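Trainee: Below are the sequence and a predicted model for it; my questions follow.
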Amino acid sequence: MAFKERVFSGMQPTGSLHLGNYLGAMLQWIKLQETHECIYCVVDLHAITQDVEVWGGPVELKKSIRQVTAAYIACGLDPKKSVLFNQSQVPEHAELAWVFNCVARLGWLNRMTQFKEKAGKNRENASVGLYAYPNLMAADILAYRATHVPVGEDQKQHLELARDIAQKFNNDFKPSIEQAGYADGIFFPQPEPVITGPATRVMSLRDGTKKMSKSDPSDLSRINLTDEADVVAKKIQKAKTDPEPLPSEADGLSGRPEAENLVGIYAALSNVSVEKVLSEFGGGQFSGFKKALAELAVEKVGPIGAEMNRLMGDVAEIDRILCDGAARAHAIAKPIMDEVKDVVGFVRS
Ligand code: TYM
């Protein structure tokens, strides 16, 4: 069966979003909403897989869910065009994740590098939810039979797992899938990762070998979408660099992670290629480039924070948008989940 093209993606409501989320994923989300049916989720069920101190407890979680929703809209997602909602309001995510817990193999999950990173040395003490996290992520996507998933580079392995789960489900239940009318035996599509642009892996401003992340203890390592203009400028001024001038060709960036990162950020923010940025700044010192980058970042990020603040002034409206999005998401996922139940062999009324 040829599946209708449908986009799904999500972000975790733990702390505020940063430039990595924006350049690695959000810019693609915004583009895709012009051409595709898009479903964008605030993945609150994923947020609680980490220790409660990480996501801050119930009061903080509610605030983060609304804040990430405000960020989605402030960045340019239109709740009329795209479906915007929070995961826990649509029960099919958790239901399908359970079925996938029984499809995915321990060996597959044991290979997940993000679990190893997040669990750290004390693996025995990590939650079962953190371990099974990629199964829930596969359920998020496949509950809608989404075909395209725009994400940053760090989610690639999880998407490969989602493809493996789709394939194994199709194999395990082949006879009942065919009986349900799928002549080619394909119940779930193979979702394709969409990992594009010059900033699919934005690195820390303090260390070009580490990913920019919410969990970095140094706030100077990242630009938050809520940072004030002077803070954005200061963080870029303080960003680590090396002593050489900028190269004129992209090849010259290899082995220079901090330079590569800042040039990639500039290219993504101004929507031009890395080559184009180097043709303008190559041969120059970092000081001049950083000044231009700070101005650009303030120009792009500043209005997002201001708009988020405005939106957060009307929490009831944010909740209404989430409720409307959840109803639309549920209308798509429910019939698919009903079919999953039939195919697996559950009795339902
Ligand atoms: P999360 O919340 O960590 O990140 C949200 C999105 O931002 C991207 N991203 C980055 N891109 C470039 N450079 C960076 N430094 C950077 N940091 C984060 C991520 O790749 C992601 O696209 N597991 C997911 C959320 C999720 C999901 C899904 C995504 C749950 N279910 C289904 C797609 C489909 C996550 O934790 O993303």
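Mentor: Cool, the structure landed.
Trainee: which residues of the protein fall in strands?
Mentor: 6-11, 37-42, 83-86, 148-150, 192-194 (DSSP state E).
Trainee: who does the lengthiest helix in the chain touch, helix- and strand-wise?
Mentor: Taking DSSP state H as the criterion, the chain has its longest helix at helix 315-344. With contacts taken as 3 or more CB pairs under 8 Å, 6 or more residues apart in numbering; DSSP states H and E, helix 315-344 sits against strand 37-42, helix 58-75, strand 83-86, helix 92-101, helix 174-179, helix 286-312. Every C-beta, even on glycine, is put in place using the N, C-alpha and C of the backbone.
Trainee: Of the ones you listed, give the one that comes closest to N271.
Mentor: Proximity to N271 (CB to CB) singles out helix 286-312 among the helices and strands packed on helix 315-344, at 10.0 Å.
Trainee: What are the buried residues along the closest one?
Mentor: 286, 289-290, 292-294, 296-298, 300-302, 304-305, 307-308, 311-312 (16 or more other CB atoms under 10 Å).
Trainee: ok, S273 - contacts?
Mentor: The contact partners of S273, by CB atoms under 8 Å, 6 or more residues apart in numbering, come to P198, A267.
Trainee: Could you report the distance from it to the ligand?
Mentor: 18 Å (CB to the nearest ligand atom, to the nearest Å).
Trainee: And the pLDDT at that residue?
Mentor: At S273, the model reports a pLDDT of 95.
Trainee: Please apply the same query to P198.
Mentor: For P198, the pLDDT comes out at 89.
Trainee: Now it: phi and psi?
Mentor: phi -80, psi 0 (degrees, to the nearest 10).
Trainee: list the contacts for the closest residue to it other than its chain neighbours?
Mentor: Distance criterion CB to CB, 6 or more residues apart in numbering; nearest residue to P198, sequence neighbours excluded, is A267 at 4.0 Å. A267 makes contact with P198, A199, S273, V274, K276, V277, according to CB under 8 Å, 6+ apart.
Trainee: just those residues now: which is nearest the ligand?
Mentor: A199 (6.3 Å; CB to the nearest ligand atom).
Trainee: just checking, that closest one touches Y266?
Mentor: No. Here A199 lies out of contact with Y266, judged by CB atoms under 8 Å, at a distance of 9.3 Å.
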